[in-house]
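Q: Provided below for reference: sequence and predicted model.
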Amino acid sequence: MTEQSQRMLYGVLLLVVIVAAGALATLTLMTDTAQPTVNLTGHDMSTRKVTLTQMKGMPTVHMNGSFQNSFGNIRGAGEYRGVRVSALVELAGGMEANDTVQVISSDGYNRTFGYRNVYPNSTEYGIQGHMVLAFEYNGSEVPDYEDGFRLMFLTDDGVFSNADAAQVYPDLGTGSAGSLCVSKVATIRVLPHVTPQPAALTVHSVSHTREYSIDELMALPAVTGQAGYVKTGVSPPTVVPAKQYKGVGLYGLLISIEALPSSYSVEITSRDGYKTYLNKTQLEGTLQAYNTTDGSYIGTESFTLILAYEEDGVPLSTGGPIRLVLIPGGEYFGEGRYWARDVVSVTVLDETLCRSDL
């Protein structure tokens, strides 16, 4: 064989090797992509995928199991194999005692479980058994096991009953044990415990009471504007210069809860118990107005009343965290006595009821 022929042969062999390696890599990639997987999301919201092959390599639970439906019938009876949910939670970074775990189906159906479901003590284990993500049922693995991956509670007696479910899942209500056994699980998510914010404002309408945290108020449509006020109780009047305010419109907040009566007034209570009253005309924006330079009275003008939580771009440090502010519709100020400080509640007073009592 000539040297040129050898070089041609080596080139052909090299091409065959490259093509074969590419085919092998493609086959491997396709195999990995085709693997049934479950998404695990941890505290930090990072997500990783766990494949069926990886689960089969973990310690598994292999037991008979079933569950009771809302009619009291036994369903899903058979032999299950899967991994403990606690092991999957550990892969996601673990959970704290006040955290919860949400198990979500591919169609969006979900159930949320507490720490003691995921890590049961001996008493709880005696009721709910192993909390398992099953990938095999009666010898059939996902994807052939069409309900898999399935959340199962595998008890020693083989039946996760409605009575069992009610003992370990306080929010079951009228649900059943079967409603907790989420099928076609796509995601397991660890939800960190969030301490609820205390109510910053309580609104009493005629027939409803609503509480709002500062964050909830800030999530509502905001009103912003420049506003100052005039202290009219002194001579000469004192003009307090304008600042930029941001908050939620008071009238809009009230009508978002329910329709206001045909005749009403509003009582605004500050933390120290001081009360400020506004009649219907004032609440809806018509109040006395004053000159921004010397504080002299100029007549009635239009204002937007807001419950302000921000002043000049920062949370209220004086008169807050919530203060009633009168945003003017023009070059004038409102009267300082209506700028209620440290507002904690707003109450709608139905004056039609008062008239009917007379």
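A: Here it is on my side, so go on. Numbering: from 1, shown residues only.

Q: ranges for the strands of the stretch 251-358 of the chain?
A: Along the stretch 251-358 of the chain, the stretches classed as strands by DSSP state E, counting those that start in this stretch are 264-270, 275-279, 286-290, 297-311, 314-315, 323-328, 334-335, 343-350.

Q: how about the CA coordinates for the third one, as PDB?
A: Output in PDB follows, covering the C-alpha atoms of strand 286-290 (Å, rounded to 0.1, in the frame of the first residue of the first chain):
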ATOM      1  CA  THR A 286     -64.300  69.100  47.900                       C
ATOM      2  CA  LEU A 287     -62.700  70.900  50.800                       C
ATOM      3  CA  GLN A 288     -61.500  74.400  51.900                       C
ATOM      4  CA  ALA A 289     -58.400  75.600  50.100                       C
ATOM      5  CA  TYR A 290     -55.700  78.100  51.100                       C
END
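
Q: packing partners of it?
A: strand 297-311, strand 334-335 (3 or more Cβ pairs under 8 Å, 6 or more residues apart in numbering; DSSP states H and E). Backbone N, C-alpha and C define where each C-beta goes, glycine included.

Q: out of the ones you listed, deepest packed?
A: strand 334-335 (a mean of 21; mean count of other Cβ atoms under 10 Å).

Q: which residues are in contact with that strand?
A: Strand 334-335 is contacted from outside by 227, 229-230, 232, 287-290, 303, 326, 328, using Cβ atoms under 8 Å, 6 or more residues apart in numbering.

Q: now the residues you listed in CSV, with distance to residue 179 and pLDDT?
A: Below are these laid out as CSV (distance: Cβ to Cβ, whole Å; pLDDT from 0 to 100):
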residue, distance to residue 179, pLDDT
227, 53, 98
229, 57, 98
230, 62, 97
232, 64, 94
287, 55, 97
288, 60, 97
289, 61, 98
290, 63, 98
303, 53, 98
326, 52, 98
328, 56, 98
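
Q: helix or strand next in line after the lowest-mean-pLDDT helix or strand in the chain, which one?
A: Every helix and strand of the chain was ranked by mean pLDDT, DSSP states H and E. The lowest is helix 3-34, at a mean of 48. As assigned by DSSP states H and E, the chain's next helix or strand after helix 3-34 is strand 37-41.

Q: surely residue 78 is in a strand?
A: Yes. The assignment for residue 78 is a strand, going by DSSP: H, G, I helix; E, B strand; the rest coil.

Q: enumerate every residue touching it.
A: 64-66, 137-138.

Q: what is the nearest of those to residue 120?
A: residue 65 (15.5 Å; Cβ to Cβ).

Q: right, and that closest one touches residue 151 too?
A: No. At 11.1 Å, residue 65 does not count as touching residue 151 under the criterion of Cβ atoms under 8 Å.

Q: looking at those two, which is more packed in?
A: residue 65 (26 against 20; other Cβ atoms under 10 Å).

Q: look up how far residue 315 lies from that one.
A: Distance, residue 65 to residue 315, by Cβ to Cβ, to the nearest Å: 54 Å.

Q: now swap in residue 298 and tell me
A: Remark: distance between residue 298 and residue 315 (Cβ to Cβ) = 32 Å.

Q: show me the contacts for residue 344.
A: 200-202, 269-271, 322 are the contacts of residue 344 under Cβ under 8 Å, 6+ apart.

Q: now the helices: where do they sit in the stretch 101-250 of the chain?
A: 115-118, 122-128, 162-168, 177-180, 214-218, 250-257 (DSSP state H, counting those that start in this stretch).

Q: so what touches the longest one?
A: Taking contacts as Cβ under 8 Å, 6+ apart, the residues outside helix 250-257 that touch it are 203, 205, 208, 210, 220-221, 260, 266, 283-285, 305-307, 324, 346, 348.

Q: my read: residue 187 touches residue 108, true?
A: No. In this structure, residue 187 is not within contact of residue 108 by Cβ under 8 Å, at 10.1 Å.

Q: who has more neighbours out of those two?
A: residue 187 (15 against 7).

Q: mind pulling up the pLDDT for that one?
A: Per-residue confidence at residue 187 stands at 97 (pLDDT).

Q: quick check, residue 205 in contact with residue 258.
A: Yes. Contact criterion Cβ under 8 Å: residue 205 and residue 258 qualify, at 5.1 Å.

Q: higher neighbour count, the two?
A: Neighbour count, other Cβ under 10 Å: between residue 205 and residue 258, residue 205 has more, with 21 against 13.

Q: got a quick PyMOL command for the buried subset of the contacts of residue 344?
A: Those of the contacts of residue 344 that count as buried under 16 or more other Cβ atoms under 10 Å are selected in PyMOL with:
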select buried, resi 200+201+269+270+322
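
Q: may I see the contacts of residue 344 organised as JSON lines, with distance to residue 252 and pLDDT added?
A: Formatted as JSON lines, the contacts of residue 344 follow (distance: Cβ to Cβ, whole Å; pLDDT from 0 to 100):
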{"residue": "200", "distance to residue 252": "18", "pLDDT": "93"}
{"residue": "201", "distance to residue 252": "14", "pLDDT": "96"}
{"residue": "202", "distance to residue 252": "17", "pLDDT": "96"}
{"residue": "269", "distance to residue 252": "20", "pLDDT": "97"}
{"residue": "270", "distance to residue 252": "21", "pLDDT": "96"}
{"residue": "271", "distance to residue 252": "23", "pLDDT": "94"}
{"residue": "322", "distance to residue 252": "15", "pLDDT": "97"}
